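Peer 1: give me a 3D structure for the following:
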Amino acid sequence: MSFTYLTTDELAERIKYNPRTIRNDLKDSVLLEGRHYIRPFGQRKILFIWENIEEDMCKPSSEAAFAVPMANGGVCYG
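Peer 2: Got it, this is the predicted structure:
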C-alpha cells in the first residue's frame, strides 16, 4: 500500500488547522506515532500519514469514543 506523507505545514493546510496546534495539541494525544505519523530513519523530522488521518477523522464519533490507543501505535476498537 502506498501512503501520502505530509509535513506539518502540508497537513495544516489540508485540515485547516494552525501548524502550532498540530504540534502542541494534536500530536501524541489525537495523532499517534506509528499510526498517524512517523519519524523517518529515527530522526527528529515528522511526516504525517494522510490516509490514516483522513480515515480516523471521518469515523463516527461513537466509534472513535471506544478507540483505545495501543502501545505499538495501533488502535483497538472495543
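Peer 1: show me where the chain has helices.
Peer 2: Assigned by DSSP state H, the chain shows helices spanning 8-15, 19-21, 50-57, 61-65.
Peer 1: tell me the helices and strands packed up against the second one.
Peer 2: Where contact means 3 or more C-beta pairs under 8 Å, 6 or more residues apart in numbering; DSSP states H and E, helix 19-21 is packed against helix 8-15. For glycine as for every other residue, the C-beta is placed from the backbone atoms N, C-alpha and C.
Peer 1: now the helix it packs on, how far from the centre of its chain.
Peer 2: 12 Å (C-alpha atoms, centre = their mean, to the nearest Å).
Peer 1: ditto for stretch 25-38
Peer 2: Relative to its chain's centre, stretch 25-38 lies at 4 Å (C-alpha atoms, centre = their mean).
Peer 1: list the buried residues in that stretch.
Peer 2: L26, K27, L31, L32, G34, R35, H36, Y37, I38 (16 or more other C-beta atoms under 10 Å).
Peer 1: what's the closest of these to Y5?
Peer 2: Among the buried residues of stretch 25-38, I38 lies closest to Y5 (C-beta to C-beta), at 7.7 Å.
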